[in-house]
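Asks: starting from these lines, generate the structure:
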Amino acid sequence: MRIYNTLTRQKQEFVPIAENEVKMYACGPTVYNYIHIGNARPLIIFDTLRRYMEYRGMKVTFVQNFTDVDDKMINRAKEENTTVKQLGERFIDEYFNDAKALGVRAATIHPKATENIDAIIDVIKKLEENGYAYCVDGDVYFAAKKFAGYGKLSKQPLEDLEAGARIEVGEKKRDPMDFALWKKQKEESEPAWESPWGMGRPGWHIECSAMVNKYLGETIDIHAGGQDLIFPHHENEIAQSECANGKPFANYWMHNGYINVDNRKMSKSLGNFFTVRDVLKKFDGEVIRYFMLAAHYRSPVNFSDELMEQAKAGLERIYTCIENLEFLLENGEDRPLTESEAEYVKGLDAFKQKFLDAMDDDLNTADAISVVFDIVYAANTALLTESKNAKEAVAKTLDLIREIGGVLGLFQKRKERSLDAEVEELIEKRNKARAEKNWAEADAIRDKLKEMNIILKDTPAGVQWSYVE
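Replies: Here you go, the predicted model:
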């Protein structure tokens, strides 16, 4: 498998530190609100990467954190007259609800910043001992210019980074480039912990370095996140970790592209900011997942209702084929394959290889989904034109679609194929009317069933039905 490594700006063969084992970390949300549609993309992408690596036989230890203390959380807790802890617990629960709707599996470990204060303090102490951190009146800062490699991930010269740096009101750092590792408690109501520098709380960047070190080790295989995190967050993680441990932090860095909404940057001020919960009111979570995977993860994505409707239609086309194949499987024949069926089944291996090639090429889920449509076309042409197929050919087609879908987190839903007695009797009457060429009665029964939200489809394999909500 080849992965585009942000650190080197090129695709590289993925070689894990330990054979068939992958240590992967992805930055999780700050839990002061519902996750938004921009958060959904890395969740889905890196869940899919994990699924694929496991599918290829690797043991993946996947860590995704929750930032459960920071300025946004403190301010939101004040607004809601609650505690930061209660706010965090509430939105962590809501995160798991949304993640489940998107088909995103729980990480191996979901550490919280507030549960790893000791580990965070240990890293800061190391940085202080190594000469990279300094304390000013209870605040601890990282001296960025002391790290010779600063800027190597974002590929920005130090002078360019300096030009955009500044000292915020209340900060006491020595240089605009420096960043906070530990923040002194400002008022008693703020969450704070004891430390060698007094009561305070961790900065944002240090928590990820500490949790990577604690749960995965000093050097990991993959660090992942959104493109917006490259600088300063991931740049600062590298600086902290490598200055504390004296070793490379992560061998591969993967970043997904931005999401625009109706061709504009998503922003609350523009009124185009959508949480996943908002979108789930209009579209099923699987449609959102399909939409995200239908583009290459590094490409920018434009989000709109129109494009989501297109994604919904594409997903429904695949499900229609699955339902037709399930119908054929129920009505197929247990017999040896004909020559043409054997040739068709042999061709399924080529489709599987195309899928593997796409996924091995920097997780190209867009091409992987195209392979599924190729299978659908082949099945529609070879199988759905006949009323009686060998069950083996149908079953292998279904198995392949489900197998690919299992990696992508798609195509796993199965509709219950059951009808009440009244509906079954109406379908039987319509079949009889058609057999007798009584088209008027057959059409009248079809219309009656349509009023009951049951749509009939006449195919060479027989009459098929579906519910329409």
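
Asks: use CA for all of it now, contacts and neighbours both
Replies: Fine.

Asks: okay, strands next: where are they in the stretch 101-250 of the chain?
Replies: Taking DSSP state E, counting those that start in this stretch, the strands of the stretch 101-250 of the chain run over residues 133-136, 139-142, 179-184, 200-202, 220-226, 250-256.

Asks: and the second one, what does it pack onto?
Replies: The reference is to strand 139-142. In this structure, strand 139-142 packs against strand 133-136, strand 179-184, with contacts taken as 3 or more CA pairs under 8 Å, 6 or more residues apart in numbering; DSSP states H and E.

Asks: figure out which of the ones you listed is closest to residue 51.
Replies: Nearest to residue 51, of all these, is strand 179-184, at 34.0 Å by CA to CA.

Asks: still on that earlier bit, let me have the helices and strands packed on strand 139-142 in JSON lines, extended by mean pLDDT and distance to residue 215.
Replies: Listed next are the helices and strands packed on strand 139-142 as JSON lines, based on pLDDT from 0 to 100; distance: least, CA to CA, whole Å:
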{"stretch": "strand 133-136", "mean pLDDT": "97", "distance to residue 215": "23"}
{"stretch": "strand 179-184", "mean pLDDT": "96", "distance to residue 215": "20"}
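
Asks: how about those strands in TSV, adding mean neighbour count?
Replies: Output for those, formatted as TSV (neighbours: other CA atoms under 10 Å):
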stretch	mean neighbour count
strand 133-136	18
strand 179-184	23
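
Asks: what's the closest of these to residue 404?
Replies: Of all those, it is strand 179-184 that lies closest to residue 404, at 43.6 Å by CA to CA.

Asks: packing partners for the closest one?
Replies: Judged by 3+ CA pairs under 8 Å, 6+ apart, the packing partners of strand 179-184 are strand 139-142, strand 200-202, helix 204-215.

Asks: follow-up on the earlier one: could I get the helices and strands packed on strand 139-142 as CSV with distance to residue 321?
Replies: Shown next, in CSV, are the helices and strands packed on strand 139-142 (distance: least, CA to CA, whole Å):
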stretch, distance to residue 321
strand 133-136, 60
strand 179-184, 54
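
Asks: give the buried residues for stretch 239-256.
Replies: Residues 239-245, 249-256 are the ones in stretch 239-256 that count as buried (16 or more other CA atoms under 10 Å).

Asks: ends of that stretch, how far apart?
Replies: Terminal residues of stretch 239-256 are spaced 22 Å apart (CA to CA, to the nearest Å).

Asks: pLDDT (mean, whole number) over that stretch?
Replies: Averaged over stretch 239-256, pLDDT sits at 98.

Asks: all helices for the stretch 151-300 of the chain, in order.
Replies: In the stretch 151-300 of the chain, the helices defined using DSSP state H, counting those that start in this stretch lie at 158-164, 204-215, 235-245, 276-280, 285-293.

Asks: ranking the ones you listed by mean pLDDT, which is last?
Replies: The minimum mean pLDDT among these belongs to helix 158-164 (a mean of 80).

Asks: got the buried residues for that one?
Replies: Across helix 158-164, burial judged by 16+ other CA under 10 Å covers 158, 161.

Asks: next one: stretch 16-32
Replies: If you call a residue buried by 16+ other CA under 10 Å, then stretch 16-32 has these buried ones: 16, 21-32.

Asks: what comes into contact with that stretch?
Replies: Stretch 16-32 is touched from outside by 35, 39, 46, 57-69, 72-73, 76, 87-88, 91-92, 208, 212, 216, 220-225, with contacts defined as CA atoms under 8 Å, 6 or more residues apart in numbering.

Asks: avg pLDDT for that stretch?
Replies: For stretch 16-32, mean pLDDT rounds to 97.

Asks: now do it: distance to the chain's middle.
Replies: Centroid separation for stretch 16-32 versus its chain: 13 Å, with CA atoms, centre = their mean, to the nearest Å.

Asks: sorry, back to before: out of the helices and strands packed on strand 179-184, flag the one nearest residue 260.
Replies: Evaluated over these, closeness to residue 260 peaks at helix 204-215, with 25.4 Å, by CA to CA.

Asks: of the contacts of stretch 16-32, just the buried ones, PyMOL syntax please.
Replies: Those of those that count as buried under 16+ other CA under 10 Å are selected in PyMOL with:
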select buried, resi 35+39+46+58+60+61+62+63+64+65+66+67+68+69+73+76+87+88+91+92+208+212+216+220+221+222+223+224+225
